[in-house]
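Chemist: only the shape, not the letters, is given here:
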């Protein structure tokens with residue numbers, strides 16, 4: 001498995017490119033900005049992008065979706081409960097003082113328990129609301145991509161539209177019950193492990 005990460009945009013979102021080494025099939029997770037840099041990695045590694053996956057649809061995570069879709073033709077994937085946030089991303093960006101071009105319609109909605117296959121790799125969709133209604137994590141191959149649900153030492157905020165602290169608590173408890181050896185790749189900040197978060201994440205003491 002190939003995992004390439006790059007920090008994009010003014011809010012420093014972690015964009016991940018995940019590929020099967022053998023087939024070179026790939027998915028891009030949270031292309032928030034800087035499509036030229038993202039596509040540079042795709043071209044440099046001769047990858048074939050199958051999916052553009054948005055762990056959630058806040059503007060800083062979807063800013064490059066249109067450009068990447070135009071370049072690759074890959075399927076845009078969001079959770080069905082995230083449609084309202086996705087549709088409002090342009091307005092949210094404007095509120096924060098940023099411009100966002102209109103987003104293409106999603107090609108595919110995922111739900112809890114669905115699986116995405118990228119070459120020989122399989123990732124299960126975990127619906128983890130709290131930071132946003134349709135927040136998802138992608139779990140497989142001993143790694144998890146958590147978007148803004150779980151960070152190293154912290155969790156996503158719940159004061160945006162659609163946020164829910166009680167749901168975030170349940171999502172957090174679910175994630176830290178996964179295998180302790182699972183490596184955590186989050187939407188902002190450094191990587192971690194479930195083991196580290198079980199013992200060091202401040203949010204554990206809040207529940």
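Modeler: Great, that's in hand. Bear in mind that the values here come from a model prediction, so they are computed numbers and not experimental data. Residues are numbered from 1 along each chain as shown.
Chemist: residues contacting the residue most central in space within the chain?
Modeler: Centroid-nearest residue in the chain: residue 55, 3.2 Å away (criterion: Cα atoms, centre = their mean). Each residue near residue 55 by Cβ atoms under 8 Å, 6 or more residues apart in numbering is listed here: 29-30, 61, 135-138, 145-149, 187. Placement of C-beta: from N, CA and C, glycine included.
Chemist: got it, and residue 11?
Modeler: The contact partners of residue 11, taken as Cβ under 8 Å, 6+ apart, are 32, 60, 188.
Chemist: and it, that one's in a strand?
Modeler: No: assigned with DSSP: H, G, I helix; E, B strand; the rest coil, residue 11 falls outside any strand and is coil.
Chemist: that one and residue 151, how far apart?
Modeler: 13 Å (Cβ to Cβ, to the nearest Å).
Chemist: same question for residue 88.
Modeler: Note on residue 88: its distance to residue 151, by Cβ to Cβ, is 24 Å.
Chemist: one more: residue 98?
Modeler: 22 Å.
Chemist: just residue 140 next, same as before
Modeler: 20 Å.
Chemist: helices along the protein, start to end?
Modeler: For the chain, helices defined by DSSP state H occupy the ranges 35-44, 59-62, 65-72, 83-87, 89-95, 165-175, 194-200.
Chemist: elements contacting the longest one?
Modeler: In terms of contact count using 3 or more Cβ pairs under 8 Å, 6 or more residues apart in numbering; DSSP states H and E, helix 165-175 is assigned the packing partners strand 150-151.
Chemist: 10 Å instead?
Modeler: Secondary-structure packing of helix 165-175 (3 or more Cβ pairs under 10 Å, 6 or more residues apart in numbering; DSSP states H and E): strand 121-127, strand 136-140, strand 143-147, strand 150-151, strand 154-155, helix 194-200.
Chemist: next, the buried residues of it.
Modeler: Neighbour-count burial for helix 165-175, counted by 16 or more other Cβ atoms under 10 Å, picks out 167-169, 171-172, 175.
Chemist: quick check: which ranges of this protein have low pLDDT?
Modeler: Confidence mapping of the chain against pLDDT under 70 gives the ranges 205, 207.
Chemist: follow-up on the earlier one: between the buried residues of helix 165-175, which is nearest residue 15?
Modeler: Checking the buried residues of helix 165-175 against residue 15 with Cβ to Cβ, the nearest one is residue 175 at 20.6 Å.
Chemist: return the residues in contact with the closest residue to that closest one other than its chain neighbours.
Modeler: Among residues not flanking residue 175 along the chain, residue 150 sits closest, at 5.3 Å (Cβ to Cβ, 6 or more residues apart in numbering). Residue 150 is in contact with 128, 130-131, 137, 144, 156, 168, 171-172, 174-176, 184-187, 192, 194, 197, 201, 203, counting by Cβ atoms under 10 Å, 6 or more residues apart in numbering.
Chemist: mind listing what residue 81 touches?
Modeler: If you count contacts by Cβ under 10 Å, 6+ apart, residue 81 has them with 56, 109, 111, 127, 129, 132-136, 162.
Chemist: next one: residue 75
Modeler: For residue 75, the contact set (Cβ under 10 Å, 6+ apart) comprises 27, 49-53, 69, 106-108, 116.
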